[in-house]
Structure formats: structure tokens, C-alpha cells
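Novice: give me a model of this one.
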Amino acid sequence: MKLKRSFYTREILTVSRELIGKNLVHRTAEGITKGRIVEVEAYVGAVDKASHAYGNKRTGRTAIQYSVGGFAYVYLIYGMYDCMNIVTGQEGLAEAILIRALEPVEGIELMRKRRHTTALKNLCSGPGKLCMAMGITRECYGLDLCGDELYLEEGSVPVKPDEISATKRINIDYAEEACDFPWRFILTGSPFLSVKG
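Specialist: Down below sits the predicted model:
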């Protein structure tokens, strides 16, 4: 069952935890790919020095973060990798959740073709890798996740609260005190994480 707008418009850390175990689905001309979310990171513009929107920086790139929850925020890092985020909360808040890793579920051969690898655990074990495997590019920026092209659905295997762990986020050493926010959520013990633990 596809997730409704009301799922995304709630408090960001609640949404982040509940994303674990949900499926991310992308329908393209090449075919359908689907992955189970096993790792995410929350970014809160108002208080988070690691957020692109910190200090209420409303730019062309961050504009979609200020919309109501349930839209895709896709941006380029290192000049070569796309990363997908899910906008959450109410209009004007600039909150987004980075999808860091997926467990491949459907369209695995297409993922392998796009990633030029057969290693299942390596297909979606990082934000850039999963975007490549899923065919998610900056052309997906602003897509409505309540639509039929790029969306989330309930997973087939429920995740219990004690199966989810919270840790510090990855690669944000520049963000001062925000480095220590425990806003990375993982499916504990999953072999598909970008970084263990």
C-alpha cells in the first residue's frame, strides 16, 4: 500500500524511524526497481548546521524543502553523485530525510546493469549508489511521492521498534555540535547498510 501525504507531514524524527522497513519504488521506462529502506538520516533546517537549509537558506536547490512533506529533494554531491531526500513536516519548515541505504527487493538485474556490479550487498549501500541503482536523478527533484512514478509503500516485513537503532550521522564533521545529533536511523544488523553500526 502506497504511503499517504499524512505519513510525511508529521514530526521528522518520528517519520525517520518509521521509514525503516518501508519500500522505495521507482517506475521508469527501463522497468520497476524497489528497495527496502534500511538506513536514513534526518536534517532539520532550523537548528541543524549539517542541513542545506540551515539559517533559512532558501535557494533554487533547497526550495522544495520548504514545501509540505511528501516530495523528493534530489541533489548532487562531489560533482558526480545524486542523493535522494524525502521532504517532511509542514510547509515552511525545511526538513528532509536522506535515504542512505536500501536492501534490493525488485528489479535487481536492472540495478546491477545500472551499477555495473553483481554484488547484491553493494548495489544500494550508500546514497549515491542507491540513486544510481534505482535510476533516481536530479530530474526527480520535486516529484510528488504520492504520485505513481517515485513513491514509498508499506514493506512486506514489519519492523519492530527495538530493531531500529539511532546513531550519529555520517561525514558531517564540519557541522560543529550537529555532528553529535543521533539522527541516523538504521535497521540493526542489516548487511545492506552504508556503514556498519
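
Novice: now do the contacts for residue 145.
Specialist: With contact taken as C-beta atoms under 8 Å, 6 or more residues apart in numbering, residue 145 is in contact with 3, 8, 70, 71, 72, 86, 151, 152. Where you see a C-beta, it was placed from the backbone N, CA and C, and this is true even at glycine.

Novice: can you rerun that using 6 Å?
Specialist: 70, 151 (C-beta atoms under 6 Å, 6 or more residues apart in numbering).

Novice: any idea how far residue 30 is from it?
Specialist: Between residue 145 and residue 30 the distance is 20 Å, computed by C-beta to C-beta, to the nearest Å.

Novice: same question for residue 79.
Specialist: 25 Å.

Novice: in terms of neighbours, single out the busier of these two.
Specialist: Higher neighbour count among residue 79 and residue 30: residue 30, with 12 against 5, using other C-beta atoms under 10 Å.

Novice: just give me the neighbour total for the closest residue to that one other than its chain neighbours.
Specialist: Sequence neighbours aside, residue 110 is the residue nearest to residue 30 in space, at 5.9 Å (criterion: C-beta to C-beta, 6 or more residues apart in numbering). By the criterion of other C-beta under 10 Å, residue 110 has 19 neighbours.

Novice: per-residue pLDDT of residue 110, please?
Specialist: With respect to pLDDT, residue 110 scores 98.

Novice: who's in contact with it?
Specialist: The contact partners of residue 110, by C-beta under 6 Å, 6+ apart, come to 30, 31, 33.

Novice: okay, now the unreliable bits of this protein?
Specialist: 197 (pLDDT under 70).

Novice: just the helices in it please.
Specialist: In the chain, helices defined by DSSP state H lie at 5-8, 12-19, 108-115, 127-134, listed in chain order.

Novice: one step back: now, the contacts of residue 110 that are in strands?
Specialist: 31, 33 (DSSP state E).

Novice: no more questions from me, cheers.
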